[in-house]
Each structure stands twice: as structure tokens, then as C-alpha cells.
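> Any chance you could fold what I've pasted below:
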Amino acid sequence: MFTSGEKVYQGGSYTSALASGFVATVVSHDTTNNVVSLINTDGVYTLGQPLVGVNSGASRVMLQYTPSLFNVGSGA
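Residues are numbered from 1 along each chain as shown. Purely as a prediction, here's the structure:
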């Protein structure tokens, strides 16, 4: 299970993902529905590839990615 605030990545390692992969920070992990909410996403995600937790070692295959409708600076 991913933990809130944990860094996650796609790639061979967190270090390599920082350079050329996908990294993000976990907001929450709903284990019942297998939904991981992320913030501070950076890089290009790859559907069908594992998302790995740096601290927990948790791993889940990313099957769907739905970007937030939140607009920075919008006040909403």
C-alpha cells in the first residue's frame, strides 16, 4: 500500500525516473477501488507499467490516468 506523501516512480529506479521517467507524490491510496491519487507529477507516464513506491516498495500497474481539472491560480 502506498502511503500519503510517498514519492512514486515508473522506471528502473527513482533516480533514473527523475532524469527520464515519471515521478509523483501520493495524496491517497484507496485500496478498495485500487485508485492512487497523485500530485506534483513530472515526466511522461506509461500505461501498463508499474508505479513503484520509494519507501513502501508497493507496486501497482497503471491502467488509467485521469488528469485533475484543477487549474493552478484559478482559486477553484
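
> How about Gly43, nearest residue that isn't a chain neighbour?
What sits nearest to Gly43 in space, not counting adjacent residues and going by Cβ to Cβ, 6 or more residues apart in numbering, is Phe22, at 4.0 Å. (Glycine included, C-beta is placed from N, CA and C.)

> got the contact list for the one you found?
Residues in contact with Phe22, defined by Cβ atoms under 8 Å, 6 or more residues apart in numbering, are 9-11, 41-46, 51.

> From those residues, pick the one nearest Val35.
Leu51 (11.8 Å; Cβ to Cβ).

> pLDDT score for the closest one?
The model reports Leu51 with a pLDDT of 94.

> Secondary structure element for it, which one?
Assigned by DSSP states H and E, Leu51 falls within strand 50-53.

> quick check, distance from that strand to the centre of its chain.
Here the centre of strand 50-53 is set off from its chain's centre by 7 Å, with Cα atoms, centre = their mean, to the nearest Å.

> follow-up on the earlier one: from the contacts of Phe22, list just the buried residues.
9-11, 43, 45, 51 (16 or more other Cβ atoms under 10 Å).
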